[in-house]
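Asks: mind folding the following:
(2 chains)
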Amino acid sequence: MSLAHLFSTVLLGTGAAMLIIGSVGINRFPHFYSRLHAAGVVDTVAAGLFLAGLALYFDPGLVTVKLLLVFVFLLFTSPTACHALARAAYSSGLREPAAGDDR
Amino acid sequence: MASFSPMKHAISLGVLLALLWWCLSGYPKPLLLGLGLGSVLFTVWFAHRLDVVDHESHPLHISGALLAYWGRLTLEIVRSSAQVIGMILSPKPAIAPYFLRVKVGQPSDLGKVILGNSITLTPGTVTVLVNGDEFLVHALSPASGNGVRDGELDRLIPDDCERPA
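Replies: This next block holds a predicted model:
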């Protein structure tokens, strides 16, 4: 097992852990908006770690560039989707039930 | 927009598309390269005809500074993910979700889009509404929300055009 493969295993393992933690968060947090934040961890950190792990697994080359492109596209699309969800919820009248917001 | 030139943008779009084609294909065969060249030329012509190649869709003037900004944003994402992960794992999550309204300093639509997406990308905060220069942001806890209130990312975004002093 080469050093790159070792690093790749560590990154993929950490990514998988982040995925599980994010999923646990989606279930543990109350209400819609808090759950969005837990999902955000999966979107950015888990996806980033997975793609970095895959990039190290293969020899440097076009595959690396393609994985980087996937990551860049994710960086543009996932916040857009997240914002669309939040905006749709807010526009349909969903508010944070807890006290303490400064609307 | 001081230095907007359609020709410069068309050439840069063409070069970018050609690079993208090469990265996604990778076959140095004359037929495929020819098809790639044809597609790139057609796309550049079509984009020009649709009049969508401008400083917003193709922010050439700030692209270098944007790369530096992305580096800073990555740091911010790592820091706030650690916070959110800590909250998920703690036996009693110390979350206090709330909405906050912030005034942003971005003068242009492009700057607002970059800032809004950055806030959403950072775990613990989501941009819910954009209304003029006011963002409605949902935060998981004051620890997450304060970063947005301080406007640290807002100041780091490269200037799209001259900012009113």
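Asks: pull the longest helix from chain B.
Replies: Scanning chain B for the helix with the most residues, using DSSP state H, yields helix B:63-89.
Asks: next SSE downstream of it?
Replies: Sequence-wise, the next helix or strand downstream of helix B:63-89 (DSSP states H and E) is strand B:98-103.
Asks: give me the residue at the spatial middle of chain A.
Replies: residue A:43 (1.6 Å; CA atoms, centre = their mean).
Asks: distance of that one from chain B?
Replies: Per CB to the nearest CB, to the nearest Å, residue A:43 is found 8 Å from chain B. Where C-beta positions appear, they are placed from N, C-alpha and C, glycine not excepted.
Asks: buried set for the longest helix of chain B?
Replies: B:69, B:73, B:76, B:77, B:80, B:81, B:83, B:84, B:85, B:87, B:88 (16 or more other CB atoms under 10 Å in any protein chain shown).
Asks: repeat for stretch B:126-141
Replies: So for stretch B:126-141, counting by 16+ other CB under 10 Å, buried means B:126, B:127, B:128, B:129, B:130, B:135, B:136, B:137, B:138, B:139, B:140, B:141.
Asks: what sits against the spatially most central residue of chain B?
Replies: Closest to where the C-alpha atoms of chain B average out (CA atoms, centre = their mean) is residue B:114, at 4.0 Å. Contact partners of residue B:114, counting by CB atoms under 8 Å, 6 or more residues apart in numbering or on different chains, are B:66, B:69, B:106, B:157.
Asks: who are the packing partners of the lowest-mean-pLDDT helix or strand in chain A?
Replies: Counting by mean pLDDT, DSSP states H and E, the weakest-scoring helix or strand in chain A turns out to be helix A:31-41, with a mean of 88. On a contact count with 3 or more CB pairs under 8 Å, 6 or more residues apart in numbering or on different chains; DSSP states H and E, helix A:31-41 meets helix A:3-28, helix A:62-91, helix B:63-89, strand B:125-131.
Asks: surely residue B:85 touches residue A:20?
Replies: No. Applying CB atoms under 8 Å, one finds residue B:85 not in contact with residue A:20, separated by 10.9 Å.
Asks: that's a strand at residue B:135, yeah?
Replies: Yes. Residue B:135 forms part of a strand when assessed by DSSP: H, G, I helix; E, B strand; the rest coil.
Asks: what's the most distant pair in the buried residues of stretch B:126-141?
Replies: B:130 and B:141 (22.4 Å; CB to CB).
Asks: what comes up buried for stretch B:145-160?
Replies: B:145, B:147, B:148, B:153, B:154, B:157, B:158, B:160.
Asks: chain center to the helix or strand encompassing the first one: distance?
Replies: It stands for residue B:145. Per DSSP H and E: residue B:145 is located in helix B:142-150. Distance of helix B:142-150 from the chain centroid (CA atoms, centre = their mean, to the nearest Å) equals 20 Å.
Asks: ok, and what's touching the following helix or strand past it?
Replies: As assigned by DSSP H and E, the chain's next helix or strand after helix B:142-150 is helix B:152-156. Residues outside helix B:152-156 that contact it (CB under 8 Å, 6+ apart) are B:69, B:72, B:73, B:76, B:104, B:105, B:106, B:115, B:118, B:119, B:122, B:147.
Asks: tell me how far residue B:105 lies from chain A.
Replies: Counting by CB to the nearest CB - residue B:105 and chain A are separated by 20 Å.
Asks: pLDDT below threshold where in the chain?
Replies: Using chain A here. Scanning chain A for pLDDT under 70 picks out the ranges A:97-103.
Asks: wait, chain B
Replies: In chain B (pLDDT under 70), the answer is B:1-4, B:160-165.
Asks: which residues of chain B lie near chain A?
Replies: Residues of chain B that fall close to chain A, judged by CB under 8 Å from any CB of the partner chain: B:20, B:23-24, B:26, B:77-78, B:81, B:84-85, B:87-89, B:93, B:95-101, B:116-118, B:120-129, B:136, B:138, B:140, B:144.
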